[in-house]
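Next one to model:
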Amino acid sequence: MSSSQIFFRATILFIFCTWSIFSIADTPTSEPQIQLVNDQLYLLEDPKSSLSHQQAFTAYKLNEFSQNSQNKVSFGFTQSTIWAVLPIENMTDGPLRRIIKIDNAWLDNIDLYFFSANRLTNQVSIGDNVPFTQRLRKERMPSVAHQFPLGTSHVLFRFHSEDPLTIPIYIGSEKAMVSAFAENAYFYGALYGGLLILLIYNLALYFYIRELRYLLYPIYLLAFTAFNFTYTGHGFWLIWSDSVTTQQWIMPGLMYCYLFSAVMFTIGFLNTRTFLPTLYRYRHRIYASLLILAGLLFLSGNRSLIIMIQLIMLTSLSVWMLLVGCLAYKNKDPLAKFFIPAIIMGTGGATFSSFVTWGIIPYSQWAFREIEVGMLLEMSLLSISLGFNFKLAQQARIRAESNALHDPLTNLYNRRAFSKLVHPSWELAKRYNTPMSIMLMDLDWFKRINDQFGHAAGDKVLQSVAKIIKSRTRDSDIALRWGGEEFLIFLPNTTSHQASQLAEDLRAQIEKIDLKNICRVTMSIGVVSATPDQLDLDNLITLADEALYSAKEQGRNTVTVMRDHKLTTNI
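Presented below is the predicted three-dimensional model:
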C-alpha cells in the first residue's frame, strides 16, 4: 500500500471519528444533563490558609462569602485557599442522590464537607494528593456521591493547589454522569486514535525516507500526546494510580518535553537551513538554553513556579512559532503555507486553553478542551504538509531521474538512457525474432557552423534537427542525442527497407532547414537492420557506425544502408 493510500484512509477515519464526536454530543436524551453550578457558589479567599472547615462555614452563615454571580471558574495561580459553598435544595418526596464532580484532574487538595441542618454529616477528600486506591469513586475526574435529605443542605468546598486553580463544579444524577463519561470516552478515544494513526503514518514515512523532519514530527506529536494523557488525568487514573508524587511531577516534566520538542520541530520542519540560516545557525544555543532553564527550574523544586513559567512559555511559543512560520513564508519556504495555519490552530488552541486556565477567558468545557481540538487539527494539517513535502521530493526525484536521461538542449534521450530504454525492446524482439534497425546520424561540417556562426547558431541547428526527428518517428521508436552532433534512432520491429526509407526522408527534411544567416544544413546517415538471432546489440551499433563512416567517405549528405554486411548507398 502506498503512503498516499495510507494517509487517505487515515484522513477518512479521522473525519469519521470527528463526526462521531459531534453526533454523540448532539444526540437528544431524556435524562437531564449534568449542570455546571459555579454561578450558584458563594466564595471566600483565605490568603493564609488558616481557616478550618467549621470556621469557614460559620463565615458563610455570617454572610462573609461573596456570591459568584459572574460564574467564575478559574482563579489562576494563587497561594490562597479558596472556599466555596453550594446550597442544595431538595424539594422532592425523599432523599436525593447526586454526584458532584470537579472537572479538573490536576488539583492537589479538594476537600468536601456536607452540612445538613447546619450540622456536618460527611467529609471527603478527592484531590491529586489522594491515590485512587483510597477514593470511593475511582473515576478519572475527582467526584463524590452524596444523598441529600429533604430541605436545604450545603456543600462546603476547600480548594488549594500549586497548579492553576480551575474549579469547574458539575452536579447531576448517576445516569447523567455515566452519559457524560461516555461522551468523554468517545472524545478521547477519537483524539488518541487520531493521534496514534498520525504517529504510525509519519513514523512509517520516516523509516521510508530517513529524513530528520519526518522523525521530529512524531516526537513532537508523541510529546503532546503524553503531556495531554497526563494533564487530563488518564495517566494517574490508568497507570500510576498509587503514586501521588508521579502525578504531581510528571505533568510539568512532560509539558517541558512538549515545549522543547515544539521548538526542535519548528526549526527542523521548516527549511531553516535554506530560508532562515541565522536561526538554523543558532539552533544548538537555543536547545542548550532551554535545557539549562529546565534544569534550573526543576532544581528549584517549586512546582507552582515551574508550571507558571511553562504556561508563560506555552503562550510565548505560540507567537514564536507563528513568527518563524511567517518569516519562512516570506522567504519562499513552500512548507510554510501549511505550517502557519497549522500553528494558528494548534498553538492558538493551546493559548486559548491557557487563557481559560489563567481566568482571562470565561470557562466552558469546550474552551477548556480547545488545546486538544486545536492540536488534533494542527497535527492533521502538519501530516498533510509532510505528505505534500514527500510528494514534492518524489517529483523532484522523478525529474532528476528524467533529466539524467534527457539531453537538455534537444530534449531527446541521451546516451546514458540507451541501455535502460533499448534493452527491454531488444529482449522482446528476441522472443519473436522480429527485425530491429538502428540509424546513426551525423551533421555534416558542424564544426564549421560553430566556428563561422557561433555556438548559439549551432544549438539552433541541433534543436531543429531534433524537432524533425521527433515529427518523423513513432512513439515506439527511441531517438537519442548520441553525442555532439551525432544522433541515434532505435527502430523496433523495422526492416532494412523501412529504415532506409525513413532515413532518406529525414535526410531530405534536414536539408530543407532554413535558418537565417546560416549555411545549408545536411546530414549523413548510416542504417543497419538485423534480427536478434543474427547479431547482438553491440554489433548492430558497430555496423551502423561503419555505415555512417562510409556515408561520410562518399561525399556526405547521403544514406548508407548495411545489407547482409554489405554497404549500399542511397543516391
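
Please report how far residue 39 lies from residue 167.
If you measure residue 39 against residue 167 using CB to CB, to the nearest Å, the figure is 13 Å. Placement of C-beta: from N, CA and C, glycine included.

same deal with residue 159?
On the measure of CB to CB, residue 159 and residue 167 end up 5 Å apart.

Can you pick out the residue with more neighbours from residue 39 and residue 167?
Neighbour count, other CB atoms under 10 Å: between residue 39 and residue 167, residue 167 has more, with 22 against 13.

Beta-bridge partners for the closest residue in space to residue 67 that isn't next to it in sequence, please?
Spatial nearest neighbour of residue 67, chain neighbours left out: residue 42 (5.5 Å); criterion: CB to CB, 6 or more residues apart in numbering. Beta-bridge partners recorded for residue 42 (DSSP bridges): residue 67, residue 85.

contacting residues for residue 42?
Residues in contact with residue 42 (CB atoms under 8 Å, 6 or more residues apart in numbering) are 60, 65, 66, 67, 68, 84, 85, 86, 87.

Just confirm residue 504 contacts residue 559, I think it does.
Yes. Using CB atoms under 8 Å, residue 504 is in contact with residue 559, at 5.3 Å.

So if I had to pick from these two, which one is more boxed in?
residue 559 (28 against 16).

Can you tell me how far that one is from residue 527?
6 Å.

joint contacts of the two?
Taking CB under 8 Å, 6+ apart as the criterion, residue 559 and residue 527 both touch 500, 503.

Tell me the helix or strand right after the helix or strand residue 195 falls within.
Element membership of residue 195 [criterion: DSSP states H and E] is helix 174-209. Using DSSP H and E, the next helix or strand after helix 174-209 towards the C-terminus is helix 212-231.

From the contact counts, what lies against the helix or strand just after that following helix?
Next along the chain after helix 212-231, taking DSSP H and E as the criterion, comes helix 234-238. With contacts taken as 3 or more CB pairs under 8 Å, 6 or more residues apart in numbering; DSSP states H and E, helix 234-238 sits against helix 244-269.

ok, and for the helix it packs on, which residues are buried?
Neighbour-count burial for helix 244-269, counted by 16 or more other CB atoms under 10 Å, picks out 244, 246-248, 250-269.

same thing with stretch 361-369?
361, 363, 367, 368, 369.

Help me confirm that the fourth one comes into contact with residue 353.
Yes. Residue 368 sits in contact with residue 353 when judged by CB under 8 Å, with a separation of 6.1 Å.

Please compute how far the helix holding residue 195 lies from its chain's middle.
16 Å (CA atoms, centre = their mean, to the nearest Å).

Use 47 as the first number for this chain going forward.
Understood, numbering begins at 47; the last thing we discussed is helix 220-255.

Which strands or helices does it pack on?
helix 49-71, strand 142-148, helix 258-277, helix 416-451.

Worst mean pLDDT among these?
In terms of average pLDDT, helix 49-71 trails the rest of those, at a mean of 46.

tell me, what's touching residue 205 and residue 213 both at once?
128, 130, 153.

for the nearest residue in space to the first one that is not next to it in sequence, helix, strand, or coil?
To tie it back to what came earlier, the one meant is residue 128. Leaving aside its sequence neighbours, residue 128 sits nearest to residue 205 (CB to CB, 6+ apart; 4.5 Å). Three-state assignment for residue 205 (DSSP: H, G, I helix; E, B strand; the rest coil): strand.
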